[in-house]
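Peer 1: Sequence and computational prediction follow.
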Amino acid sequence: MGFCLAAFKQIVSADIDQQVSTALALFKTYTNQAITTWSDPTIIATYTPVVVTANQAALADFLKNAATYIAMDKVTMLA
């Protein structure tokens, strides 16, 4: 019985890693597209510098910390 549980946890752990990896790739792609959008001269001319800077900073922060923001607590989930 212990072997089956260990195998199950290993499979589920690998699946969670795959889900997080897929989510990170997707959101990093979207974030890079949003960064490009907020760097566009038309957008910069449309919004105030405060709004543009705030959005650019938020997107850069998300890109830098995405792995922290998009994470799953496998230890708790598999306990």
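Peer 2: Right, received. Where do you want to start? Residues are numbered from 1 along each chain as shown.
Peer 1: so where's this protein shaky on pLDDT?
Peer 2: 1 (pLDDT under 70).
Peer 1: Enumerate the positions of the helix ranked longest in the chain that are buried.
Peer 2: What stands out as the longest helix in the chain, according to DSSP state H, is helix 2-38. For helix 2-38, the neighbour count (16 or more other CB atoms under 10 Å) marks Ile16, Thr31, Ala34, Trp38 as buried. The C-beta positions use only the backbone N, C-alpha and C, and glycine is treated the same way.
Peer 1: do the same with stretch 47-63
Peer 2: Neighbour counts using 16+ other CB under 10 Å place Val52, Asn55, Leu59, Phe62 of stretch 47-63 among the buried residues.
Peer 1: so of these, which ones are in helices?
Peer 2: Among these, DSSP H puts Val52, Asn55, Leu59, Phe62 in helices.
Peer 1: Nearest to Phe27 among the buried residues of stretch 47-63?
Peer 2: Phe62 (7.7 Å; CB to CB).
Peer 1: residues contacting that closest one?
Peer 2: Phe27, Thr31, Tyr69 (CB atoms under 8 Å, 6 or more residues apart in numbering).
Peer 1: now the first one: how far from Thr68?
Peer 2: Distance of Phe27 to Thr68, computed by CB to CB, to the nearest Å: 12 Å.
Peer 1: how about the buried residues of stretch 47-63 in CSV, adding distance to Thr22?
Peer 2: Compiled in CSV, these are given as follows (distance: CB to CB, whole Å):
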residue, distance to Thr22
Val52, 30
Asn55, 25
Leu59, 20
Phe62, 17
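Peer 1: Nearest to Lys9 among those residues?
Peer 2: Phe62 (30.7 Å).
Peer 1: hmm, back to that, show me which of the ones in helices among the buried residues of stretch 47-63 is closest to Val12.
Peer 2: Distances from Val12 to these, taken by CB to CB, are shortest for Phe62, at 27.3 Å.
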